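Trainee: My questions are about this predicted structure, shown below with the sequence.
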Amino acid sequence: MIIGITGTLGAGKGTIASYLVKEKGFKHFSVREFLNKELQKRKLRLNRDNLVLVGNELRKKYGPSYISESLYKLARKVGYDSVIESLRTPAEILALKKRAEFYLFAVDADPKLRYQRTILIKEEIYQIPFTEFIRNEKREMDSKDPNKQNLRKCIEMADYRFENSGEMKNLYKSVDEALKKIKKNK
């Protein structure tokens, strides 16, 4: 099985991915890590604008589902359950939904709570004012361009949606319930 994760900034995509890896034995693949490698090749600074820019350029050059298809191929090679974190375009998801054993999880939470979580990460990329956080989110929330982020549409496409404004144990319980449903319906 391959789980894709989409969701808003700081909602808990990484938390779900880590849980699947540590507790369920999944292998982790990350769109951000894929893009980080490309930033390093181009000698570009790691920041949100460059991640978005490079992701959009790759999608424009190689097709809207290029990144997710690349990660899916890597995930299939490992031969066991995998998670692909941070899917952000509908074209990526549409391509993966055509593949065997792919399921999409979406996660969201209150914007102020999500902002507080990102600040705690302590990476430079997340050390921004709340106004910039909201501006970034608005930029990534909607787009008619298939090469650009459209989180609203991605979240709508999810097979399972999680609200992560409470305790982690509640999120983990919801993920476990989704996994049980998936296994039951196989």
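Mentor: Sure, I can see it.

Trainee: Distance check, L46 against T131.
Mentor: Distance, L46 to T131, using Cβ to Cβ, to the nearest Å: 21 Å. In short, each C-beta sits where N, CA and C put it, glycine included.

Trainee: So the two - more neighbours on which side?
Mentor: Between L46 and T131, counted using other Cβ atoms under 10 Å, L46 has the larger neighbour count: 14 against 8.

Trainee: Can you list the low-confidence ranges for the protein?
Mentor: Applying pLDDT under 70 to the chain flags no residue at all.

Trainee: mind redoing it with 90?
Mentor: 46-49, 52, 79-80, 100, 119-127, 136, 139-140, 143-149, 185-186 (pLDDT under 90).

Trainee: which helix is the longest one in it?
Mentor: helix 168-184 (DSSP state H).

Trainee: So which bits of that helix are buried?
Mentor: Neighbour-count burial for helix 168-184, counted by 16 or more other Cβ atoms under 10 Å, picks out L171, Y172, S174, V175, A178, L179.

Trainee: Return the member of these nearest to K144.
Mentor: Among these, A178 lies closest to K144 (Cβ to Cβ), at 30.2 Å.

Trainee: got a list of what the closest one touches?
Mentor: Y103, F105, D159, Y160, F162 (Cβ atoms under 8 Å, 6 or more residues apart in numbering).

Trainee: Could I have the PyMOL command that selects the buried members from the residues you listed?
Mentor: Restricted to buried positions by 16+ other Cβ under 10 Å, the PyMOL selection for the contacts of A178 reads:
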select buried, resi 103+105+160+162
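
Trainee: now, which of the contacts of A178 lie within helices?
Mentor: Within the contacts of A178, no residue falls in helices by DSSP H.
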